[in-house]
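Novice: Got a sequence here, can you build the structure:
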Amino acid sequence: MTDTAPDVRPALLAGVACYVIWGLSPLVYQPMGAAGADAWEIMGHRAVWGLIWAAALVLLARQTAGVRRALTDWRTLRWLMLSTVMIAINWSLFIWAVNHGHTLETSLGYYLNPLLNMAFGAWLFRERISRAGLFAIALAAIGVALQAVALGRLPLISLTLAVSFAIYGVIRKQVKAEAQTGLFVECLLMAPLGLAWLVWLHLHGAGHFGASPDATFWLLMAGPITVGPLVLFAWAARRLPLSMVGFLQFIAPTLSFVIGVVQGEPFTWLRGVSFGFIWLGAGVFLWAALTQARAARAVLKARTGPI
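Specialist: Next comes the predicted model:
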């Protein structure tokens with residue numbers, strides 16, 4: 001036990017840092033929008049600079065062989081093409097939303113994501129959902145319904161973000177490739193379109209890279225904000241219990257929620273009640289995950305004896 005304990009603290013710090021960066025990412029994309037770049041231009045920079053950072057990461061991790069396998073195996077490449085479409089939809093919508101006063105809706109989407117993952121697991125992989133899990137999903141469904149009433153429309157931004165990221169997770173589950181390798185291939189697939197769009201913008205005098213030091217700085221940040229958190233996540237996820245990772249993932253939407261409220265997005269009492277149901281669902285989800293993890297540890301301890 002003492003041999004593994006020292007590794008948990010740095011892994012926990014890496015996990016917290018990863019989700020804090022993801023949660024605060026609206027504060028990176030909003031200055032890009034304020035500089036005049038729209039979601040498509042930001043996505044172009046995210047693909048191009050993300051590719052450069054991801055390539056550096058693959059070289060440092062010595063995963064070039066994995067990249068070659070992914071690019072030459074049609075089944076793997078086909079799945080990564082599909083995952084690229086899903087993550088491009090997710091990233092583009094998120095960037096657009098946080099630059100158009102919908103940060104609260106993005107927060108709701110990422111609160112829903114773990115619960116949607118659970119539902120997809122039961123539907124596609126016949127994974128068993130506990131009564132607590134069903135209760136959590138029911139609470140989230142009530143929250144979404146109340147959000148629709150509060151907004152006067154379906155929370156399409158939230159639902160699209162949650163569904164696209166859940167589908168992305170399902171697809172990546174089929175891919176036999178490291179997280180860094182997969183991200184590199186995804187950026188590689190996006191980069192030609194992104195670069196072509198950026199070149200077209202600059203040829204027509206509509207690009208913002210180089211227009212001012214501020215715009216250039218923030219657009220360059222599209223690379224590390226894309227790749228950096230994933231590095232931390234990949235490192236932490238291998239060293240932390242799954243239940244702890246499940247708890248940490250709620251840090252990001254909580255921070256985005258705070259950003260949305262502080263920036264003055266409309267937050268009526270009914271919208272507050274809807275978030276209350278979502279939070280209750282998240283709480284039940286966490287309780288169930290922790291209970292399951294404790295039970296699994298107890299069974300393992302009973303089999304192996306005292307450590």
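
Novice: ok, L57 touching T226?
Specialist: No. L57 sits out of contact with T226 when judged by C-beta atoms under 8 Å, with a separation of 10.7 Å. Using the backbone N, CA and C atoms, a C-beta is placed for each residue, glycine as well.

Novice: Next one: the residue lying closest to C18 once chain neighbours are set aside relative to A122, how far apart?
Specialist: Excluding its sequence neighbours, the residue lying closest to C18 (C-beta to C-beta, 6 or more residues apart in numbering) is L232, at 3.8 Å. According to C-beta to C-beta, to the nearest Å, L232 and A122 sit 29 Å apart.

Novice: Now for the residue nearest to C18, how many residues are close by?
Specialist: 20 (other C-beta atoms under 10 Å).

Novice: Going along the chain, name the helices of the stretch 101-250 of the chain.
Specialist: Secondary structure of the stretch 101-250 of the chain, counting by DSSP state H, counting those that start in this stretch: helices at 103-125, 131-151, 156-173, 179-203, 213-220, 222-237, 242-248.

Novice: got JSON lines for those, with distance to W279 and mean pLDDT too?
Specialist: JSON lines is the format used below for these (distance: least, C-beta to C-beta, whole Å; pLDDT from 0 to 100):
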{"stretch": "helix 103-125", "distance to W279": "7", "mean pLDDT": "85"}
{"stretch": "helix 131-151", "distance to W279": "8", "mean pLDDT": "87"}
{"stretch": "helix 156-173", "distance to W279": "14", "mean pLDDT": "90"}
{"stretch": "helix 179-203", "distance to W279": "29", "mean pLDDT": "94"}
{"stretch": "helix 213-220", "distance to W279": "32", "mean pLDDT": "95"}
{"stretch": "helix 222-237", "distance to W279": "23", "mean pLDDT": "87"}
{"stretch": "helix 242-248", "distance to W279": "13", "mean pLDDT": "71"}
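
Novice: So which of the ones you listed is the most surrounded?
Specialist: Most buried of those by mean neighbour count (mean count of other C-beta atoms under 10 Å) is helix 103-125; its value is a mean of 22.

Novice: helices or strands next to that helix in the packing?
Specialist: helix 74-98, helix 131-151, helix 156-173, helix 251-262, helix 269-304 (3 or more C-beta pairs under 8 Å, 6 or more residues apart in numbering; DSSP states H and E).

Novice: can you state the direction angle for that helix and helix 131-151?
Specialist: 140 degrees (axes from the mean of the first three to the mean of the last three C-alpha atoms, to 10 degrees).

Novice: got the angle for helix 103-125 vs helix 156-173?
Specialist: Using the same axes, to 10 degrees, helix 103-125 lies at 40 degrees relative to helix 156-173.

Novice: and helix 103-125, C-alpha only, in CSV?
Specialist: The C-alpha coordinates for helix 103-125 follow below in CSV (Å, rounded to 0.1, in the frame of the first residue of the first chain):
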residue,chain,number,x,y,z
THR,A,103,-21.8,29.7,-21.0
LEU,A,104,-24.5,28.5,-18.5
GLU,A,105,-25.9,26.3,-21.2
THR,A,106,-22.5,24.8,-21.9
SER,A,107,-22.2,24.1,-18.1
LEU,A,108,-25.5,22.3,-18.2
GLY,A,109,-24.3,20.2,-21.1
TYR,A,110,-21.2,19.0,-19.3
TYR,A,111,-23.1,18.3,-16.1
LEU,A,112,-25.4,16.0,-18.2
ASN,A,113,-22.5,14.2,-19.9
PRO,A,114,-21.6,11.7,-17.2
LEU,A,115,-25.3,10.7,-16.8
LEU,A,116,-25.6,10.4,-20.6
ASN,A,117,-22.5,8.3,-20.7
MET,A,118,-24.2,5.9,-18.2
ALA,A,119,-27.4,5.8,-20.4
PHE,A,120,-25.3,5.1,-23.5
GLY,A,121,-23.4,2.4,-21.7
ALA,A,122,-26.7,0.6,-20.9
TRP,A,123,-28.1,1.1,-24.4
LEU,A,124,-25.1,0.2,-26.5
PHE,A,125,-22.9,-2.0,-24.3
